[in-house]
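1. got a structure for you, letters missing:
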(Lines give C-alpha, C1' and ligand atoms only; values in the text may rest on other atoms or scores of the structure.)
Protein backbone atom coordinates (compact mmCIF):
# COMPACT_ATOMS: atom_id res chain seq x y z
CA UNK A 1 0.00 0.00 0.00
CA UNK A 2 1.28 3.43 -0.90
CA UNK A 3 1.29 6.02 1.85
CA UNK A 4 0.05 8.80 -0.48
CA UNK A 5 -3.25 9.95 0.96
CA UNK A 6 -3.56 6.66 2.84
CA UNK A 7 -4.73 4.60 -0.14
CA UNK A 8 -3.15 2.50 -2.88
CA UNK A 9 -2.11 4.36 -6.02
CA UNK A 10 -4.78 2.74 -8.19
CA UNK A 11 -7.48 3.91 -5.75
CA UNK A 12 -6.70 7.64 -6.01
CA UNK A 13 -9.16 9.71 -8.00
CA UNK A 14 -8.14 11.82 -10.98
CA UNK A 15 -8.62 14.99 -8.93
CA UNK A 16 -6.31 13.68 -6.19
CA UNK A 17 -3.69 12.83 -8.82
CA UNK A 18 -4.17 16.28 -10.33
CA UNK A 19 -3.61 18.03 -7.00
CA UNK A 20 -0.58 15.89 -6.19
CA UNK A 21 0.85 16.57 -9.64
CA UNK A 22 0.39 20.33 -9.29
CA UNK A 23 2.01 20.32 -5.86
CA UNK A 24 4.93 18.27 -7.18
CA UNK A 25 5.39 20.62 -10.15
CA UNK A 26 5.23 23.70 -7.91
CA UNK A 27 7.79 22.27 -5.48
CA UNK A 28 10.15 21.22 -8.26
CA UNK A 29 9.95 24.61 -9.97
CA UNK A 30 10.40 26.49 -6.69
CA UNK A 31 13.41 24.37 -5.73
CA UNK A 32 15.16 25.07 -9.04
CA UNK A 33 14.10 28.73 -9.35
CA UNK A 34 17.20 30.23 -7.67
CA UNK A 35 19.40 28.60 -10.33
CA UNK A 36 17.12 29.98 -13.03
CA UNK A 37 17.37 33.45 -11.48
CA UNK A 38 21.18 33.39 -11.64
CA UNK A 39 21.11 32.02 -15.20
CA UNK A 40 18.81 34.84 -16.33
CA UNK A 41 21.02 37.45 -14.70
CA UNK A 42 24.07 36.01 -16.45
CA UNK A 43 22.26 36.05 -19.79
CA UNK A 44 20.95 39.60 -19.33
CA UNK A 45 24.26 41.24 -18.36
CA UNK A 46 26.03 42.67 -21.40
CA UNK A 47 29.11 44.91 -21.71
CA UNK A 48 27.83 46.17 -25.09
CA UNK A 49 24.36 47.34 -24.04
CA UNK A 50 23.64 50.53 -22.13
CA UNK A 51 23.73 50.12 -18.36
CA UNK A 52 25.25 46.63 -18.87
CA UNK A 53 21.95 45.14 -19.97
CA UNK A 54 19.91 46.67 -17.16
CA UNK A 55 20.63 44.01 -14.55
CA UNK A 56 19.94 45.01 -10.97
CA UNK A 57 23.32 43.82 -9.59
CA UNK A 58 26.80 43.89 -11.11
CA UNK A 59 28.83 40.68 -11.19
CA UNK A 60 31.53 38.75 -13.04
CA UNK A 61 30.29 35.16 -12.92
CA UNK A 62 27.74 32.83 -11.40
CA UNK A 63 29.23 32.87 -7.91
CA UNK A 64 29.59 36.65 -8.03
CA UNK A 65 25.95 36.96 -9.17
CA UNK A 66 24.88 34.73 -6.27
CA UNK A 67 26.79 36.85 -3.74
CA UNK A 68 25.60 40.18 -5.17
CA UNK A 69 21.95 39.06 -5.27
CA UNK A 70 22.14 37.74 -1.71
CA UNK A 71 23.82 40.95 -0.49
CA UNK A 72 21.25 43.23 -2.15
CA UNK A 73 17.99 41.29 -1.58
CA UNK A 74 18.77 38.44 0.80
CA UNK A 75 17.50 34.95 0.05
CA UNK A 76 14.16 36.40 -1.12
CA UNK A 77 16.00 37.83 -4.12
CA UNK A 78 16.47 34.37 -5.57
CA UNK A 79 12.71 33.84 -5.64
CA UNK A 80 11.66 37.15 -7.19
CA UNK A 81 9.27 36.25 -10.00
CA UNK A 82 8.52 32.77 -8.72
CA UNK A 83 4.79 33.53 -8.40
CA UNK A 84 4.60 34.37 -12.11
CA UNK A 85 6.56 31.21 -12.86
CA UNK A 86 4.09 29.12 -10.85
CA UNK A 87 1.18 30.74 -12.73
CA UNK A 88 2.81 29.38 -15.87
CA UNK A 89 3.66 25.92 -14.50
CA UNK A 90 0.38 25.02 -12.76
CA UNK A 91 -1.79 25.06 -15.93
CA UNK A 92 0.90 23.06 -17.72
CA UNK A 93 0.86 20.47 -14.93
CA UNK A 94 -2.94 20.31 -15.04
CA UNK A 95 -3.02 19.61 -18.78
CA UNK A 96 -0.15 17.12 -18.57
CA UNK A 97 -1.62 15.11 -15.71
CA UNK A 98 -5.14 15.09 -17.13
CA UNK A 99 -3.81 13.88 -20.48
CA UNK A 100 -1.71 11.22 -18.75
CA UNK A 101 -4.61 10.04 -16.59
CA UNK A 102 -6.98 9.93 -19.53
CA UNK A 103 -4.51 7.99 -21.66
CA UNK A 104 -3.66 5.60 -18.87
CA UNK A 105 -7.29 4.87 -18.09
CA UNK A 106 -8.13 4.40 -21.78
CA UNK A 107 -5.28 1.98 -22.48
CA UNK A 108 -5.82 -0.02 -19.28
CA UNK A 109 -9.48 -0.44 -20.21
CA UNK A 110 -8.86 -1.19 -23.90
CA UNK A 111 -6.26 -3.85 -23.05
CA UNK A 112 -8.58 -5.57 -20.58
CA UNK A 113 -6.80 -4.70 -17.34
CA UNK A 114 -9.73 -2.78 -15.84
CA UNK A 115 -13.52 -3.07 -15.88
CA UNK A 116 -14.27 0.50 -17.01
CA UNK A 117 -12.70 3.81 -17.93
CA UNK A 118 -13.86 5.37 -14.67
CA UNK A 119 -12.62 2.75 -12.23
CA UNK A 120 -9.01 1.69 -12.62
CA UNK A 121 -9.14 -1.05 -10.01
CA UNK A 122 -7.32 -4.00 -11.60
CA UNK A 123 -9.53 -6.89 -12.71
CA UNK A 124 -9.16 -9.98 -10.55
CA UNK A 125 -9.00 -12.42 -13.48
CA UNK A 126 -5.96 -10.74 -15.06
CA UNK A 127 -2.52 -11.66 -13.71
CA UNK A 128 -0.65 -8.38 -13.30
CA UNK A 129 2.45 -9.77 -11.58
CA UNK A 130 4.61 -10.20 -14.70
CA UNK A 131 8.34 -9.82 -13.93
CA UNK A 132 10.82 -8.40 -16.49
CA UNK A 133 12.48 -11.79 -17.16
CA UNK A 134 9.04 -13.36 -17.69
CA UNK A 135 8.18 -10.65 -20.19
CA UNK A 136 11.39 -11.32 -22.12
CA UNK A 137 10.71 -15.06 -22.29
CA UNK A 138 7.12 -14.40 -23.37
CA UNK A 139 8.30 -12.05 -26.14
CA UNK A 140 10.89 -14.61 -27.28
CA UNK A 141 8.24 -17.32 -27.55
CA UNK A 142 5.96 -14.95 -29.50
CA UNK A 143 8.82 -14.19 -31.93
CA UNK A 144 9.36 -17.92 -32.44
CA UNK A 145 5.65 -18.45 -33.16
CA UNK A 146 5.66 -15.64 -35.72
CA UNK A 147 8.75 -17.07 -37.46
CA UNK A 148 7.21 -20.56 -37.64
CA UNK A 149 4.14 -19.28 -39.51
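-> Perfect, thanks for sending it. What you see is a predicted model, and the numbers here were worked out from it, not measured in a lab.
2. Pull the contacting residues for residue 56.
-> 41, 72 (C-beta atoms under 8 Å, 6 or more residues apart in numbering). Backbone N, C-alpha and C define where each C-beta goes, glycine included.
3. Let me know the distance separating it from residue 72.
-> 7 Å (C-beta to C-beta, to the nearest Å).
4. likewise residue 33?
-> 17 Å.
5. More neighbours: those two, which one.
-> A count of neighbours by other C-beta atoms under 10 Å puts residue 33 above the other of residue 33 and residue 72, at 17 against 10.
6. Grab the nearest non-local neighbour of the more buried one.
-> Residue nearest to residue 33 in three dimensions, not counting chain neighbours: residue 82, with 5.0 Å by C-beta to C-beta, 6 or more residues apart in numbering.
7. likewise residue 113?
-> residue 126 (5.7 Å).
8. pretty sure the one you found is in a helix, no?
-> No. Counting by DSSP: H, G, I helix; E, B strand; the rest coil, residue 126 is not part of a helix but coil.
9. Can you get me a residue count around it?
-> 10.
10. Do I have it right that it meets residue 115?
-> No. Look at residue 126 against residue 115 with C-beta atoms under 8 Å: they stay out of range, at 10.3 Å.
11. For this protein, which segments are assigned as helices?
-> For the chain, helices defined by DSSP state H occupy the ranges 14-44, 62-73, 82-110, 132-148.
12. could you check the angle helix 14-44 makes with the second one?
-> By that I understand helix 62-73. Computed by axes from the mean of the first three to the mean of the last three C-alpha atoms, to 10 degrees, the angle separating helix 62-73 from helix 14-44 equals 100 degrees.
13. Let me know the average pLDDT across helix 62-73.
-> For helix 62-73, the mean pLDDT works out to 87.
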